[in-house]
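Novice: After the sequence you'll find the predicted model.
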Amino acid sequence: MSQEQTDERAQFTRMADGRVEDWIIIGRSTIPYQKKLAERVLTHLQLLQGDYGGYAVDRLEHSLQTASRAQRDGRDEEYVVCALLHDIGDTLGSFNHSDIAAAILKPFVSEQNHWIVDKHGIFQGYYFFEYLGLDKNARERFRDHVWFDATAEFCERYDQCSFDPAYESMRLEDFVPMVERVFAQPKRSIYRPES
């Protein structure tokens, strides 16, 4: 991109005043930024390093363990990336981390994998809510949902057991190509016409 192109700016101060030419400039300028989304997501995931929150491993190691277990169990790449990023919302959404992770992943993953990430917080509660004075069976309100069993399985096989300091996780670098591929092209977005 030439210096002239990088200096191009839309000529409006209110979106309502924008012209086609302005949106062409914005669209052209957005593409390089969008291409680095996977890199930004992985950088944010690394903020979980050193955050133990009382657990035996930090939250980054928990994420790596969850994804490593899913990978070693033969899950597809999209599922593994969801396992890696399922708790990425912990840094900004201590009280709704599942919602944040699901929002980040939603344009790039299947509806089922999105649902698993979105609901994993309440399903994970099955293993500890009673110790906080909460209903460990809160997930039962979703019992008739088509992806109930898939979400319960995610929590049982990959999430609730991934706090083991002796487990040999894969390295974050091992997952980078997977994250890049999953985030390369949205499957659905309000900013993209339906295909």
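Specialist: Yes, it's here. Not measured: the values here are computed from a predicted model.
Novice: I would like the residues contacting stretch 188-195, please.
Specialist: Stretch 188-195 is contacted from outside by 106-107, 186, using CB atoms under 8 Å, 6 or more residues apart in numbering. All C-beta spots, glycine's among them, are computed from the backbone N, C-alpha and C.
Novice: Recalculate using a threshold of 7 Å.
Specialist: With contacts defined as CB atoms under 7 Å, 6 or more residues apart in numbering, stretch 188-195 is touched by 107, 186.
Novice: now stretch 145-152
Specialist: Here stretch 145-152 has contacts from 112, 115-116, 119-120, 123, 142, using CB under 7 Å, 6+ apart.
Novice: Same check on stretch 163-181?
Specialist: 38, 41-42, 55-57, 61-62, 64-65, 67-68, 71, 77, 80-81, 84.
Novice: do stretch 63-70 as well
Specialist: Under CB under 7 Å, 6+ apart, the answer for stretch 63-70 is 45, 48, 79-80, 83-84, 86-87, 157-159, 162, 164, 167, 169-170, 172, 175.
Novice: pLDDT wise, what is residue 1 at?
Specialist: Residue 1 is assigned a pLDDT of 43 by the prediction.
Novice: Which ones among the contacts of stretch 163-181 lie within helices?
Specialist: 38, 41-42, 61-62, 64-65, 67-68, 71, 77, 80-81, 84 (DSSP state H).
Novice: Can you show me the helices along this structure?
Specialist: Using DSSP H, helices in the chain cover 3-6, 20-34, 37-45, 59-72, 77-85, 97-105, 111-124, 148-154, 172-182.
Novice: most packed of those?
Specialist: Ranked by mean neighbour count under mean count of other CB atoms under 10 Å, those are led by helix 77-85, which reaches a mean of 25.
Novice: Now do it and helix 111-124, the angle between them.
Specialist: Orientation of helix 77-85 against helix 111-124 (axes from the mean of the first three to the mean of the last three CA atoms, to 10 degrees) gives an angle of 30 degrees.
Novice: just the CA coordinates of helix 77-85, formatted as CSV?
Specialist: Extracted C-alpha coordinates of helix 77-85, given in CSV (Å, rounded to 0.1, in the frame of the first residue of the first chain):
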residue,chain,number,x,y,z
GLU,A,77,-9.8,-27.9,14.4
GLU,A,78,-12.7,-25.6,15.0
TYR,A,79,-13.6,-27.5,18.2
VAL,A,80,-10.0,-27.4,19.4
VAL,A,81,-9.9,-23.6,18.8
CYS,A,82,-13.1,-23.2,20.8
ALA,A,83,-11.5,-25.3,23.6
LEU,A,84,-8.4,-23.1,23.5
LEU,A,85,-10.4,-19.8,23.7
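Novice: What confidence value was assigned to the closest residue to residue 58 other than its chain neighbours?
Specialist: In this structure, residue 58 finds its nearest non-sequential neighbour in residue 52, 5.1 Å apart by CB to CB, 6 or more residues apart in numbering. pLDDT recorded at residue 52 is 90.
Novice: Count the neighbours of residue 52 for me.
Specialist: 12 (other CB atoms under 10 Å).
Novice: quick revisit: could you say which one of the helices of the chain comes nearest to residue 138?
Specialist: helix 111-124 (5.4 Å; CB to CB).
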